[in-house]
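[1] All I have is the shape, not the residue letters:
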């Protein structure tokens, strides 16, 4: 028995995606082409990248691939990059984040412990020869958290206070009143 399976993966992913959707919703569309540095992704590109990234996971795990060297990575990445490059409005990006996020979360929720325990052989030259499907799928939540952190820094750069910071500030402001009632 494990304490973290498909349902928990799905719940955690939904939490992260909910935060990403809120970030995407709060940033004004006219700022979507802002780049923190010339060679970095724009806000728009980062959000679309986040939305589409689970495509790789569903390809590998949905097809029950057990050796990544059998994948035509060039062909897969060409498809993903082409999909990421499609022009999209803010409304379309928020909808893409929501629909693709729920599709991936629903996929995760149905995964069994034996499936998550299966080992997948990594590409040659990696620091590990194999990883469990669980570890590989958990990485997609971590990947999104990484990019969400970048987006929160970018929000600061364009003069916004990220929603998680605002929520923490509200909790801190309520503490004195709660302590006074004791």
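    Yep, that arrived. This structure is a prediction, so every number in the text was calculated from the model and none was measured. Numbering: from 1, shown residues only.

[2] neighbours around the residue nearest to residue 128 when sequence neighbours are not counted, how many?
    Leaving aside its chain neighbours, residue 128 sits nearest to residue 122 (5.7 Å; criterion: CB to CB, 6 or more residues apart in numbering). Where C-beta positions appear, they are placed from N, C-alpha and C, glycine not excepted. Residue 122: 16 surrounding residues under other CB atoms under 10 Å.

[3] Same question for residue 6.
    19.

[4] Then residue 118?
    Residues near residue 118, counting by other CB under 10 Å: 15.

[5] starting at the chain centroid, how far to the helix or strand where residue 10 lies?
    Here residue 10 sits within helix 6-26, counting by DSSP states H and E. Helix 6-26 has its C-alpha centroid displaced from the chain centroid by 8 Å (CA atoms, centre = their mean, to the nearest Å).

[6] In that helix, which residues are buried?
    Within helix 6-26, the residues that count as buried by 16 or more other CB atoms under 10 Å are 6, 9-10, 12-14, 16-17, 19-24.

[7] cool, stretch 174-182 as well?
    Across stretch 174-182, burial judged by 16+ other CB under 10 Å covers no residue at all.

[8] about what we covered before: hang on, isn't the residue nearest to residue 128 packed against residue 68?
    Yes: if you go by CB atoms under 8 Å, residue 122 and residue 68 touch, sitting 5.7 Å apart.
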